[in-house]
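Colleague: I would like the atomic coordinates for the input below:
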Amino acid sequence: MKHALLFAVLSFFLLFGSCTSKALNVLPDGRYIPPDFAGVVHAGMTGTKEEFDLINYMGIKWILHTFSWSSIESEQGQWNFERYETFVDNANANNIKVIGVLAYDVHWIFEEGQRSRYIPIDKIPEFCDYVRKTAEYFKGRVHAWCIWNEPNSSRFWTGTNEGFFELTRQAADAVRDVDSNVILLGGAFNRGYLGLNKKLIEGLFESGAMEKADGVAFHPYELNAARSIKLYDQFRKITGKYGFGEKIWITEMGFPTGGKLPTKINEKRFPEMVIKSFSYHAAAGAKFVLWYQLFDPVTREKDDSEDFFGLVRSREDYTSKAAEAYRLSAAYMPDSICYVLTDGLPGSVRAFWFKGTKGSALVLWNDGLIARRINIKLPGTNHVQHDIVTGKESEISAEITVKTGREPLFITYNSHEKPLF
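Modeller: Model (predicted):
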């Protein structure tokens, strides 16, 4: 979904913000990563075999799309689910789970010329009728619903805080009226101009609007992966007061490789940011991580960062920008227990051990300015280093000295024992 990264202040942090060892905030013990940990936003709508072959190759387990009210009920009482029908059926046929965002307005609830991205209080029943019919129509085929998107952004919500709380509460009731088992998410907050809108976040919980929700959605867009995990930790502390600190779904995360947003990164660093983002947020306790997004559009406007978030350049050439880094994360991090390793390592080195059911993965890099040589003793057999850009595999010895820099090293081996440094 198109979103507004309203981080004007981030330009300041680009110059004065730091990325130090103190940025790492993780759970104190090993954390289990579910098999379907990794997903993407905006994929599968073409329905082509080529696209779903790519989706399966990359290990994508969730796809998020907005089931827009204006597409489903463009005129009052005229229902059309055709736009999403084939997508949902194709996803299910490929064992891909679907998250549907229930959001946005329709022209017929406003007087002419007054349409805006919010639902007036007296029109919430009409919105809930759309929610109820959509959830009922796709019952058993859509695996999770999220109510609205980025309400702290004026691009998506121009109403009052109280109006959003009431919308969430009534929409949650509408979903539960027809489906008591589907996963239900609320929030979908991102960072605004001045950081997290603590008043809006706390108000959503204190109003009782989240009582029927299973989780809270969050979009930790930031300048880099280390700052993203710091933002995530702030959000976890706020939501933790309401029992949702360990129920956070990252339903959008990403970095543009072009355009004018301050979060833009050099394309050469894109694979690095994917690996670091998945490692940090896996260790920090995120329930699931969905990357924004799979493809760049075929035609890109050079100043529009929205056109540069894709892991793959376009649906025409299918060349990777960071698809291989995503594939490694989706292949070796899920269905494992994630541990953060520190023994025998310099303070600037980050090391994550993913103890999986079939073997282990070790991801490490150095946040310091000076590269550090690290001696590693790998247990077990089949010791392989994976190139995070190309995916190429190279056999390595069980005892090896590596030079760590900012680009992560990705190593796998067949053993459930911890590597030693």
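
Colleague: Run me through the strand neighbours of the one helix or strand residue 339 maps to, direction for each.
Modeller: Using DSSP states H and E, residue 339 falls within strand 336-340. According to DSSP bridges, strand 336-340 forms sheet pairs with strand 31-33 (antiparallel), strand 349-356 (antiparallel).

Colleague: so which of those strands is the most packed in?
Modeller: strand 349-356 (a mean of 22; mean count of other C-beta atoms under 10 Å). Glycine gets a C-beta too; all of them are placed from N, C-alpha and C.

Colleague: tell me the mean pLDDT over that one?
Modeller: In this model, strand 349-356 carries a mean pLDDT of 97.

Colleague: Just the C-alpha atoms of it, please, in CSV.
Modeller: Output in CSV follows, covering the C-alpha atoms of strand 349-356 (Å, rounded to 0.1, in the frame of the first residue of the first chain):
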residue,chain,number,x,y,z
VAL,A,349,30.2,-7.2,16.6
ARG,A,350,26.6,-8.4,16.2
ALA,A,351,26.1,-12.2,16.1
PHE,A,352,22.8,-14.0,15.8
TRP,A,353,22.5,-17.8,16.1
PHE,A,354,19.4,-19.4,14.6
LYS,A,355,19.1,-22.9,16.0
GLY,A,356,16.8,-24.6,13.6
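
Colleague: Can you pull out the residues in contact with the strand holding residue 339?
Modeller: By C-beta atoms under 8 Å, 6 or more residues apart in numbering, the residues outside strand 336-340 that reach it are 24, 26, 30-33, 282-283, 350-357, 360-361, 418.

Colleague: Try it again at 7 Å.
Modeller: 26, 30, 31, 32, 33, 282, 283, 352, 353, 354, 355, 356 (C-beta atoms under 7 Å, 6 or more residues apart in numbering).

Colleague: what's the closest non-adjacent residue to residue 377?
Modeller: residue 420 (4.3 Å; C-beta to C-beta, 6 or more residues apart in numbering).

Colleague: And the helices in the stretch 101-250 of the chain, which stretches?
Modeller: 124-137, 161-178, 198-206, 225-240 (DSSP state H, counting those that start in this stretch).

Colleague: Mind putting those into CSV with mean neighbour count?
Modeller: Below are the helices of the stretch 101-250 of the chain laid out as CSV (neighbours: other C-beta atoms under 10 Å):
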stretch, mean neighbour count
helix 124-137, 19
helix 161-178, 20
helix 198-206, 16
helix 225-240, 21
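
Colleague: Pretty sure residue 261 sits against residue 305.
Modeller: Yes: Residue 261 is within contact range of residue 305, at 3.9 Å (criterion: C-beta atoms under 7 Å).

Colleague: who's more crowded, those two?
Modeller: residue 261 (23 against 19; other C-beta atoms under 10 Å).

Colleague: On the pLDDT front, check that one for me.
Modeller: 94.

Colleague: Report the separation between it and residue 304.
Modeller: 9 Å (C-beta to C-beta, to the nearest Å).

Colleague: Repeat that for residue 264.
Modeller: The separation that residue 264 has from residue 304, given C-beta to C-beta, amounts to 11 Å.

Colleague: Over to residue 121?
Modeller: Distance from residue 121 to residue 304, by C-beta to C-beta: 34 Å.

Colleague: Same check on residue 318?
Modeller: 22 Å.

Colleague: ok, then the element right after the one helix or strand residue 385 maps to?
Modeller: Per DSSP H and E, residue 385 falls inside strand 381-386. On the C-terminal side of strand 381-386, the closest following helix or strand by DSSP H and E is strand 393-395.

Colleague: Identify all contacting residues around that following strand.
Modeller: Contacts for strand 393-395 (C-beta under 7 Å, 6+ apart): 383, 384, 385, 386.

Colleague: Then stretch 406-416?
Modeller: 272, 275-276, 328, 332, 355, 359-366, 378-386, 388, 402.

Colleague: ok, now with 6 Å
Modeller: 272, 275, 328, 332, 355, 359-365, 378-386, 388, 402 (C-beta atoms under 6 Å, 6 or more residues apart in numbering).

Colleague: distance between the ends of that stretch?
Modeller: End-to-end distance for stretch 406-416, by C-alpha to C-alpha, to the nearest Å: 27 Å.

Colleague: Please report phi then psi for the residue nearest to residue 377.
Modeller: phi -120, psi 150 (degrees, to the nearest 10).

Colleague: What about residue 123, how many residues nearby?
Modeller: Count around residue 123 with other C-beta under 10 Å applied: 16.

Colleague: thinking again about what came up before, which of the contacts of stretch 406-416 are buried?
Modeller: Using 16 or more other C-beta atoms under 10 Å as the burial test, these include 272, 275, 328, 332, 355, 359-365, 378, 383-386, 388, 402 as buried.

Colleague: State the distance from residue 87 to residue 210.
Modeller: Taken as C-beta to C-beta, the span from residue 87 to residue 210 is 28 Å.

Colleague: Name the residue in those two with the higher neighbour count.
Modeller: residue 210 (26 against 19).

Colleague: and the closest residue to residue 421 other than its chain neighbours, how many neighbours?
Modeller: Distances taken as C-beta to C-beta, 6+ apart place residue 344 nearest to residue 421, at 3.6 Å, with adjacent residues excluded. Neighbourhood size, residue 344 [other C-beta under 10 Å]: 14.

Colleague: All set, thanks.
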